[in-house]
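Visitor: Need coordinates for the following:
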Amino acid sequence: MKLLETMFSLLLTASLASTVILLLVLLIRKLFNKHLSPRVVHILWFLVLIKLLVPIAPQSAISLFNLLPQAMQVEWNSNQKNMSPNYSSDSDSSTIRPLKNNEENILLSESIPNRTEQTASAIVSPSPQNQGYEKNQHGLTWLTIALLIWFGGVLFLGGYYLFSALIFRTRVGESRKLDNQEILTVLEACKKKLNIRRQIHTYETNHLRSPCLYGLWKPRIYLPEDIVTIADSSQLTHILMHELTHFKRKDLWCNFLWMLSVAMHWYNPLVWLAARKMKADQEVACDASVLEVLGEREASSYGMTLLMLSRLFSRGTSSRVNLSYFGDNKNETKRRIMMITKFKKGSYKLSAAAILFVLALSVILLTNASDSESDVTTPAANSKGALPSIYNDSFIWFNSLDRALDFPKYTFKVVDYLPEGYQMRDVLYSKSFTRSNDADLIDVTSITFVSNFGNRNENTITVSTAIGNGNLLEHNQLLGAHYPQGTNETPEYQQEFVTIGNVKGTLFTDTRRYKQRPETGKSFYWQDDSVWYAIDYYSEYMSQEELAKMVESFVLPQQVQHVRYDGAGNSFPLYDETDLIAAKNILGFKVKIPLNLNDTEVALRDLTMLRGNDQNTGYSFRQTEDALWSTYNAPVDSNNRHDLLMLYQSKAPLFDAAKLSFSRKIEINGVEMSAYADKDHVYFEPSHDGNGRKLLSLTYYLWKQDGIYYIAVFNGMDKYQEEYLKALVMAPLQ
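Guide: Residues are numbered from 1 along each chain as shown. Coordinates of the predicted model:
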């Protein structure tokens, strides 16, 4: 499904881009129709067709789309880890550490080195996938629903085209092959003039009102009985030359591709309009091609033949099968007559100027905007407050597998079977190394599944994959194997080589015992191609039979059928504009995300979209409403303090003021705020100063502004709190 959604997203992007191109072609067609030859005008429609059918294009500095609003490539230097809500780092004692209701879990992050000064950049592209986080009540994304609707439309339109073709073939099924010597002589003369050697038969029918060419592989010319009866040899020459010219110009194949593009982009009314306008320009170009062969002297009589057909016959019964009609409606007939009267020999040929014009337009219209250096901005240069990319490549987590795959690391398989009651909690990407110069660096992907979330009997299963020069065992990242780091340490695990399911691997069993963990930690560990796999679990909660089913179920992500990886309703971090758009769609209001406060070094560290009553964050603070959580860090001061500010934004109050100790009321720029202390540490544990002696003050500010509830939690920053509050109040909405 992910592959189909990706293709559908590309299709939507192509539809939008082609709309811009076809509007420009319509403008050129309107303004310069008198100055461009019919052939050039028709060629311009191929630019639209190419964009509709080929959504991927190279980049160019002179692309038209450089002038349109683009999401920009941005860089963000991060000196801090972005923490998954279910993992914590105790290496920094001055950072607020939320209380967790599953403290007894063994934390993977304990074995991940703290790598600072990481720089990451992300390219943000507008895409319908931005809607992928919001689910309907059945667990489908709106992108999936749109994909299903689109596919239904394609099937319906394809069925209609097929039905129309069958109806047409039925109507002409009783047509009589012409053996009239005069007509056959005219046909052969026309083929000779056009240098056509292929056998093309002509048929007489009483079921059509206009001459037409039909058939991609076996083209046939169908002539109404009335024309066969009343047309003289000159008129027959004009009619047959016109249909044969359609064949020579490959117009039937062009029409087929347009029919395909209309079916693919049926939801875009401008594509239908473009197909109709293209068909009209195709007829004019065909007329010009015919006159190029017949000569200017024949233009007058050719026009009279067109008028005769216009008077005798109305438009064909169906224009939705792959046909080429000689006749057309009155307005287009008038346009064709005007071209015929002004036709000059040689006007159909492409001049050097026309070729250069088409080539220049192709480069401008068929290429994508370039990712030039001018597109790269930094937070300091970001005057509009657009979200920068704020992720640390050494530690990054997601609430859904699809979002994780937007940050590709390597190809890995995932389980397609889970024991009853488990659901996906999060996906974690991390890097780990123990040797100098990262000699044993590995990239690790860990997918954690949880049951009875938030309850005393909560349990987890973690499926990890890794690739690189090291392995999960030596990096001490297996639940069932506490790997000794020193040469004199005794291993605290047992291992046995076993075959589970259909996979040969190693089963590690932890020999340590914890009072809070009476069950035994285990890890089944194996290698598939160049990727290491591990399943971490507790023996008390999973049998060998369940383990075997999991091991046997591994498939590529796009092949998953039985396990949900969408993370519906779960909290997720915001790394770029894709996440920001998803968060704003969930919240339903514009948010405040200043990158720094009052142009100081107090800068945005990370953002999290907290979902009410989620199933993937383990904080003791369990919010019931959706909220955006922003964290700001102050630089380390002379006392080695790491002051912190957390900002929450929601439609309803998140904190219960009755559980806090009221301090005072203040007013900042007309906004009234209430300040509170949390003496009982209801929501957060305060951190110590850099020397580990003094607790940093923990102050809460609650206010309502423009119908939105805000909570600012300061951990330190005592002298500058009101200054930073003013910056938050004055921050623009985005």
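Visitor: just how off-centre is the helix or strand hosting V363 within its chain?
Guide: If you go by DSSP states H and E, V363 is part of helix 352-365. For helix 352-365, the separation from the chain centroid amounts to 31 Å (computed by CA atoms, centre = their mean, to the nearest Å).
Visitor: By neighbour count, which bits of that helix are buried? Give me those.
Guide: Neighbour counts over helix 352-365 (16 or more other CB atoms under 10 Å) mark 357, 361, 364-365 as buried. All C-beta spots, glycine's among them, are computed from the backbone N, C-alpha and C.
Visitor: which other helices and strands contact that helix?
Guide: Using 3 or more CB pairs under 8 Å, 6 or more residues apart in numbering; DSSP states H and E, the elements in contact with helix 352-365 are helix 38-53.
Visitor: now for the helix or strand that comes right after the helix it packs on, which elements pack on it?
Guide: Going down the chain from helix 38-53, the next helix or strand is strand 59-60, by DSSP H and E. The contact analysis (3+ CB pairs under 8 Å, 6+ apart) places strand 59-60 against strand 368-369.
Visitor: Give the burial count for K549, as a bare number.
Guide: Per other CB atoms under 10 Å, the neighbour tally for K549 reads 17.
Visitor: separation between it and K218?
Guide: Taking CB to CB, to the nearest Å as the measure, K549 falls 56 Å from K218.
Visitor: Just confirm A274 contacts L22, I think it does.
Guide: Yes. Judged on CB atoms under 8 Å, A274 makes contact with L22 at a distance of 4.6 Å.
Visitor: what residues are shared contacts of these two?
Guide: Both A274 and L22 are contacted by V48, under the criterion CB atoms under 8 Å, 6 or more residues apart in numbering.
Visitor: circling back to that earlier point, wait, which of the buried residues of helix 352-365 is closest to G159?
Guide: Nearest to G159, judged by CB to CB, of these is L365 at 32.9 Å.
Visitor: ok, that closest one - contacts?
Guide: By CB under 8 Å, 6+ apart, the contact set of L365 is 21, 24, 47, 51, 63-64.
Visitor: By neighbour count, which of the residues you listed wins?
Guide: Counting neighbours by other CB under 10 Å, I21 leads the contacts of L365 with 24 neighbours.
Visitor: Tally up the residues packed near the nearest residue to D643 once chain neighbours are set aside, please.
Guide: Nearest non-adjacent residue to D643, counting by CB to CB, 6 or more residues apart in numbering: G716, 3.3 Å away. The tally of other residues near G716 (other CB under 10 Å) stands at 24.
Visitor: do R456 as well
Guide: Counted with other CB under 10 Å, R456 comes out at 7.
Visitor: W45 reaches M278, doesn't it?
Guide: Yes. Taking contacts as CB under 8 Å, W45 lies within contact range of M278: 4.1 Å.
Visitor: W266 and A634, how far apart?
Guide: Using CB to CB, W266 is found at 55 Å from A634.
Visitor: Who has more neighbours out of the two?
Guide: Each of W266 and A634 has its neighbours counted (other CB under 10 Å); A634 has more, 21 against 16.
Visitor: how about the closest residue to that one other than its chain neighbours, what does it touch?
Guide: Closest residue to A634 apart from its sequence neighbours, by CB to CB, 6+ apart: D643 at 4.0 Å. When contacts are counted by CB under 8 Å, 6+ apart, D643 touches 633-634, 637, 696, 714-717.
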